[in-house]
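Q: Coordinates only, no sequence provided:
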């Protein structure tokens, strides 16, 4: 792989001047709209984002500068058929993730049946033993999953990563669409596009549906944020606002008698569901990191007692761990009885000597990742790495092979993107957001497309020079369009 | 909070009385105190809890629960203003000598879990060397663990005082001295390096001849999962396996998960912790 | 509403008001400085520092008291907690924490004000300083407008409450620092400098025109004091600010059922202001009156925090 030209989602494998037939109109739009006009619109969108404060802080920079994530004006499009295939695969995968979590914190049948090696679960820091035995309402642990997908051909989609902790980015799906509707209304006349603006309602319904037993009549839901210095704070406030629920910080909550209350001007109000955007480690200083000031003491006791639902449940990190990821095809089959509709990217587990040997011999062609890393940190992209970087990783791999997995360098699909040199193909990935509530799985037709803005780059993370695009899902039935 | 053991074919040969008091004094009045207590032992083979109670000296709410390890927990909620909180635990337990063998305890988690290390039980070079040295002689795993316990007992000096801060195993071992917590975490870490699951136990010990004295800390030791035997206790401070002088209270991967009290408070200033433990026995039963 | 949200809205109101007041103070001081022969101009800046309660902080910087240095300290100094930059920093920080309680327009106004100052490191010359404070005034007016267009409910009332408490404090400080001008002892008043000083006071609370409308007989110190203390027609007077505090507390009380110490203190002040005359205040000592007023304002501030459980 890697050597062949990447598949372009609009122009096909030849990446010529003509678009794939179903996207002719978009090809014309790209060709006929002057670059200067596209630039103007893109700048207008970015100015609006800045004014709204859709910013993020870049970790590890001297001043945690507030930046906006670059926005690209050229959208990405999926046909109704493509989306139907994807969403069926996503439903299956997320159902399996939740069944897996329910099992590993309960009976652990999957270990007894020898599907996943026990040490991979039990020895994993993401498996939280103190939470074993707790079963949240309806047995749902990962209410909100962000599944990262990549594509290499017309029908070749792969799951790159599951995000079952506190996936972020959905505000970009919504704000990017708002910007596109305002700046490029003609596109929505050309194509029947599925609406995404019901996501906050769908999320609110999901939260309400998983209220603890006996609290379901009119549950109080809140969104718990680490605070406004957090890089995703805009999203937290945006979602709380769109759902009409309180945006709380740890200091606004107090646990008494294993019940969670929020402090309001009129006194204490009982809280039933907490959509928390704080990592497990920081959520309760009595149980996890004692020095955390972001957490609520007693929250885990309230959770264990079944008096509050945490969304997502604590301990879900075991499901999106990269070492567990490599077993997802087996896990999906084990719980759903069917082969996974969405395949994994081929993955070598460096903990296995044969795999390690292969990986060490082929480092320049592979992507190597820390099993517990995220955000593009702790990652080697062989083909673009320097010799020194490769040698550093080789040493790290030999020292602690169990901490790494490796994957082939995929020829990620590209989408036409506005660059300094005009329209040019850039690599993309896709993160749809999957909601699991008492009434089943809901997927709003859309997601976050991340684009690697540097030519040839495969790293789409916003912290590493990535941008975003709107993702249009076409409808079979135009009556449901915007 | 008491449960009957399943097997009681052997008559208990020791009746232990435990008094465990914990006093927090605050330099400034606190608005609120929340604590997670792991102060209540469970019953299992060789340990039968007859009576156990926790008394708090102020208007407090206690909510019993159970954590994923199977430990009996209690959440303590106290409203301020508070200048001190005092917890008094009193209990009566029938014990028998089972040479450290643990059976019939709530074991919701499989032994493999306890093979993983934690920040407080992370190995370092010296601990690795210790494990290599012990394993070098080969021999059955049970002998290796006994030898490990003896070696730690020889190399570290026991200081019964309570330290203000719990150190990682590596730091305790490098220091060459410490309290029961230090010994237990070193033992846990080194046993894992021998390839055996190991866990931290907090509990109480009767020290014959000292049963009317107040000790400054609760006791702690390690349990190691030995092939063909199962979980066995090892107390490196005394170089022996727990017998009928011991009361097992809580287990965990390390001190943090099994600590008698984890707490937070709302209010400024500093706190002073004062712990007193007295374990006595009923002579007529001995 | 979360108590923390109430606190943030209240402080948002206070900081925006403080930023605007400081901007007006600088503008009026520049004017006074320009009109005054040296070294009176230096006195103008010294009294500006006193009004902003920033004189000690300025001394700590070790800088000399040039107009440029003082102007920079009052506008851009990050180490001056009452500089315009610090006020807008904290206003934005509070606004950010409660974005969901603000209208988009209100947030954008405060964010724009903050962005406008973010990359400024020097005030430049007098013209540049004037342009800067003008911009700040425009943005804070924009915020006030946005606040008035927000839903008429708790968020807008807490912002208004904070702004009214802050305004009362600022006006009282302004009069207190300049009270020797208003109560000249034995000196002949009415000289050129004094006229300019009085006008400066009026400029700071944007009351030059108001004064002319209300008092047809020219600038008289006692009338300036009366205008700033008693005249409800003037939005920045102590009486008008107090009315506003009472009004916001009433609205909040009706909506939340929470009434208490803050209402009692505010109503007590309102009726006390109605009973006294400027003559009685001057007889009893203007400085003493204002010191008591400022202390009472701080008590009211605390009572508000307690009543809405955010203290």
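A: That came through fine. Note that this is a predicted model, so its numbers are computed, not measured.

Q: Where does whichever residue of chain B sits closest to chain A sit: helix, strand or coil?
A: Proximity of chain B to chain A (CB to the nearest CB) peaks at residue B:68, 3.3 Å away. Glycine gets a C-beta too; all of them are placed from N, C-alpha and C. On the three-state scheme (DSSP: H, G, I helix; E, B strand; the rest coil), residue B:68 is labelled coil.

Q: Dihedrals phi and psi, it?
A: phi -60, psi -20 (degrees, to the nearest 10).

Q: buried sites along stretch C:300-311?
A: Buried residues in stretch C:300-311, counted by 16 or more other CB atoms under 10 Å in any protein chain shown: C:300-301, C:303-305, C:307-310.

Q: swap in stretch C:25-44?
A: C:25-33, C:35-36, C:41, C:43-44.

Q: Model confidence for whichever residue of the stretch 301-450 of chain A sits closest to chain C, exactly?
A: Nearest to chain C, among the residues of the stretch 301-450 of chain A, is residue A:308, at 17.2 Å (CB to the nearest CB). pLDDT for residue A:308: 98.

Q: can you check residue C:133 too?
A: In this model, residue C:133 is scored at 91, pLDDT.

Q: Same question for the one 10 residues further on.
A: Predicted confidence (pLDDT) at residue C:143: the value is 94.

Q: now do the one 4 residues further on
A: Per-residue confidence for residue C:147 comes out at a pLDDT of 89.

Q: hang on, it in a strand?
A: No - going by three-state DSSP, the assignment for residue C:147 is helix, not a strand.

Q: Pop the domain breakdown of the chain in here.
A: Since you didn't name a chain, this refers to chain A. Domain assignment for chain A by automatic domain parsing gives A:21-345+A:410-480, A:347-409.

Q: um, chain B though
A: Per the record, chain B has its domains at B:14-95+B:261-285, B:111-258, by automatic domain parsing.

Q: What mean pLDDT does the first one get?
A: The predicted model assigns domain B:14-95+B:261-285 a mean pLDDT of 90.

Q: what does the last one give?
A: In this model, domain B:111-258 has an average pLDDT of 93.

Q: Determine how far the last residue of it lies from the first.
A: One end of domain B:111-258 sits 16 Å from the other (CA to CA, to the nearest Å).

Q: show me where pLDDT drops low in chain A?
A: Within chain A, the stretches with pLDDT under 70 are A:1-4, A:14-19, A:55-66, A:373-377, A:478-480, A:482.

Q: Residue A:355: which element?
A: Using DSSP states H and E, residue A:355 sits within helix A:353-361.

Q: contact partners of that helix?
A: Outside helix A:353-361, the residues within contact range by CB atoms under 8 Å, 6 or more residues apart in numbering or on different chains are A:348-350, A:366, A:368, A:394, A:397-398, A:401, A:404, A:406.

Q: on that earlier part again, reformat the domains of chain A as TSV; add mean neighbour count.
A: TSV is the format used below for the domains of chain A (neighbours: other CB atoms under 10 Å in any protein chain shown):
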stretch	mean neighbour count
domain A:21-345+A:410-480	19
domain A:347-409	16
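
Q: Throw those domains into TSV and include distance to residue B:49, thanks.
A: Listed next are the domains of chain A as TSV, based on distance: least, CB to CB, whole Å:
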stretch	distance to residue B:49
domain A:21-345+A:410-480	21
domain A:347-409	40
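
Q: Of all those, which one comes closest to residue C:151?
A: domain A:21-345+A:410-480 (12.9 Å; CB to CB).

Q: close to chain B, is that closest one?
A: Yes - interface with chain B: domain A:21-345+A:410-480 contributes A:105, A:108, A:111, A:118-119, A:122-125, A:127-134, A:254-258, A:285-287, A:290, A:297-298, A:301, A:304-305 (CB under 8 Å from any CB of the partner chain).

Q: coming back round to it: quick one: mark the members of the contacts of helix A:353-361 that sit in helices.
A: If you go by DSSP state H, those have A:394, A:397-398 in helices.

Q: Near the residue in the stretch 1-150 of chain B that chain C sits nearest to, how many other residues are there?
A: Minimum separation of the stretch 1-150 of chain B from chain C (CB to the nearest CB) falls at residue B:31, amounting to 12.1 Å. Burial of residue B:31 is recorded as 14 neighbouring residues (other CB atoms under 10 Å in any protein chain shown).

Q: That one looks like it's in a strand, true?
A: Yes - under three-state DSSP, residue B:31 sits within a strand.

Q: residues touching it, list them.
A: Residue B:31 touches B:79-81, B:266-267, counting by CB under 8 Å, 6+ apart.

Q: near chain A, which residues of chain B?
A: Counting by CB under 8 Å from any CB, chain B sits next to chain A at B:32, B:34-36, B:61, B:63, B:65-69, B:73, B:75, B:77, B:108-110, B:112-113, B:115-116, B:252-253, B:256-257, B:262-264.

Q: sorry, back to before: and of the buried residues of stretch C:300-311, the nearest to chain B?
A: residue C:309 (12.5 Å).

Q: ok, that closest one touching residue A:263?
A: Yes - using CB atoms under 8 Å, residue C:309 makes contact with residue A:263 at a distance of 6.3 Å.

Q: got any residues that touch both of those two?
A: Going by CB under 8 Å, 6+ apart, residues that sit against residue C:309 and also against residue A:263 are residue C:3.

Q: Stretch A:180-199 near chain C at all?
A: No - under the criterion of CB under 8 Å from any CB, chain C is not reached by stretch A:180-199; the shortest gap measures 14.0 Å.

Q: And the contacts of that stretch?
A: Contacts with stretch A:180-199, where a contact means CB under 8 Å, 6+ apart, come from A:25-26, A:29, A:41, A:44-45, A:73, A:75, A:77, A:83, A:170, A:173-174, A:177, A:433, A:444-446, A:470, A:472-475, A:477-478, A:480-482.

Q: Just the ones of those in strands?
A: Among those, the residues falling in strands (DSSP state E) are A:73, A:75, A:77, A:433, A:470, A:472-473.

Q: Those residues: which two are farthest apart?
A: Comparing all pairs in these by CB to CB, the longest separation belongs to A:73 and A:433, at 22.5 Å.

Q: which stretches of chain C have low pLDDT?
A: Where chain C drops to pLDDT under 70, the residues are C:37-41, C:180-193.

Q: Taking it, what residue is nearest to chain B?
A: Across chain C, the shortest distance to chain B (CB to the nearest CB) belongs to residue C:311, at 12.1 Å.

Q: Which positions in the stretch 1-150 of chain A make contact with chain C?
A: Residues of the stretch 1-150 of chain A lying close to chain C by CB under 8 Å from any CB are A:50-53.

Q: do that again at 7 Å, thanks
A: Contact residues (CB under 7 Å from any CB of the partner chain) of the stretch 1-150 of chain A with chain C: A:51, A:53.

Q: Show me where the stretch 1-150 of chain A has its helices.
A: Using DSSP state H, counting those that start in this stretch, the helices of the stretch 1-150 of chain A run over residues A:24-32, A:35-52, A:80-104, A:109-112, A:118-122.

Q: Export these to CSV and append columns for distance to residue C:218.
A: Formatted as CSV, the helices of the stretch 1-150 of chain A follow (distance: least, CB to CB, whole Å):
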stretch, distance to residue C:218
helix A:24-32, 70
helix A:35-52, 47
helix A:80-104, 78
helix A:109-112, 92
helix A:118-122, 88
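
Q: out of these, which comes closest to residue C:276?
A: helix A:35-52 (47.5 Å).
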